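S.K.: Got a predicted structure here, sequence first:
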Amino acid sequence: GAVVSQHPSWVICKSGTSVKIECRSLDFQATTMFWYRQFPKQSLMLMATSNEGSKATYEQGVEKDKFLINHASLTLSTLTVTSAHPEDSSFYICSASDLANYGYTFGSGTRLTVV
Amino acid sequence: TQLLEQSPQFLSIQEGENLTVYCNSSSVFSSLQWYRQEPGEGPVLLVTVVTGGEVKKLKRLTFQFGDARKDSSLHITAAQPGDTGLYLCAGETAGGGNKLTFGTGTQLKVEL
């Protein structure tokens, strides 16, 4: 089956620093990847849609200069949280789609804590 | 904005009981998926329904897609502690860039 690897699984950083989260599709090519944010005991909120070789499409209210997304290849997308603040602390989850075969596959998430 | 409202929001039951989770929207979806998520992990797909009125069974879980493809339900028979988790419905819209819109979630706890 399809596997999506997300790293790191957790990270603690200081306010003002930047953090990069990687999302890799291990055994399939994902033309589209999605980034979600999830607060405790709440649902997933889509932040942006990442297409290989083009700019990401951000959802309303998501700051594109703060959450930088790069989708340089068909198997890798990265989310960089720039100048992180405590309010950015959250659980970030990526998803890769290969609708012809596997549908949507989710990574295991990254717990970001900004101190 | 498409909204998927799930009810109930929280559910705590005893082992062996039955339960139903509802997922409702005013929007039409080309398909609807159900996921189960455990703390600190990503959601895991349980089922995808695509046809209005479709019913799918997965062991003790029964999923139904509404005739108008706006709503869905998940019924669990004889719940077990291993069923504990956050249940999420997610709708996909045709022509919507293949984005998934997630429901508000139902936190289920099954106790011995």
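M.R.: Sure thing, it's come through.
S.K.: and whichever residue of chain B sits closest to chain A, what does it touch?
M.R.: Residue of chain B nearest chain A, by Cβ to the nearest Cβ: residue B:42 (3.6 Å). Where you see a C-beta, it was placed from the backbone N, CA and C, and this is true even at glycine. Contacts here follow Cβ atoms under 8 Å, 6 or more residues apart in numbering or on different chains; on that basis residue B:42 touches A:4, A:6, A:93, A:95, A:106, A:107, A:108, A:109.
S.K.: again with residue A:18
M.R.: Going by Cβ under 8 Å, 6+ apart, residue A:18 touches A:80, A:81, A:82, A:83, A:84.
S.K.: Equivalent analysis for residue A:113, please.
M.R.: A:10, A:11, A:12, A:13, A:89.
S.K.: Sort out for me which of the contacts of residue B:42 are in strands.
M.R.: Among the contacts of residue B:42, the members found in strands (DSSP state E) are A:4, A:6, A:93, A:95, A:106.
S.K.: From those, list the ones also adjacent to chain B.
M.R.: Near chain B, judged by Cβ under 8 Å from any Cβ of the partner chain, the entries from those are A:4, A:6, A:93, A:95, A:106.
S.K.: In TSV: the residues you listed, plus neighbour count, distance to residue B:109 and pLDDT.
M.R.: Compiled in TSV, those are given as follows (neighbours: other Cβ atoms under 10 Å in any protein chain shown; distance: Cβ to Cβ, whole Å; pLDDT from 0 to 100):
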residue	neighbour count	distance to residue B:109	pLDDT
A:4	26	28	94
A:6	22	26	97
A:93	26	22	98
A:95	27	26	95
A:106	24	22	95
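S.K.: Which one of the residues you listed is nearest to residue A:43?
M.R.: Distance ranking of those against residue A:43, using Cβ to Cβ, places residue A:93 first at 11.0 Å.
S.K.: what's near enough to touch the closest one?
M.R.: Listed by Cβ under 8 Å, 6+ apart, the contact set of residue A:93 reads A:6, A:35, A:36, A:37, A:38, A:44, A:106, A:107, A:109, A:110, B:42, B:43.
S.K.: ok, residue B:25 to residue B:85 distance?
M.R.: Distance, residue B:25 to residue B:85, by Cβ to Cβ, to the nearest Å: 22 Å.
S.K.: now do residue A:24
M.R.: Noted for residue A:24: a distance of 25 Å to residue B:85, by Cβ to Cβ.
S.K.: Residues in a beta bridge with residue 10, which ones?
M.R.: Going with chain A. Per DSSP bridges, the residues bridged to residue A:10 are residue A:111.
S.K.: looking at chain B here, not the other one
M.R.: Beta-bridge partners for residue B:10, by DSSP bridges, are residue B:107.
S.K.: My guess is it contacts residue B:106. True?
M.R.: Yes - Residue B:10 lies in contact with residue B:106 (Cβ atoms under 8 Å); the separation is 7.4 Å.
S.K.: who's more crowded, those two?
M.R.: Per other Cβ atoms under 10 Å in any protein chain shown, whichever of residue B:10 and residue B:106 has more neighbours is residue B:106, with 22 against 10.
S.K.: what's that one in contact with, if anything?
M.R.: Contacts of residue B:106 (Cβ under 8 Å, 6+ apart): B:6, B:7, B:8, B:9, B:10, B:11, B:21, B:86, B:87, B:88.
S.K.: any low-confidence regions in chain A?
M.R.: Applying pLDDT under 70 to chain A flags the ranges A:99, A:101-102.
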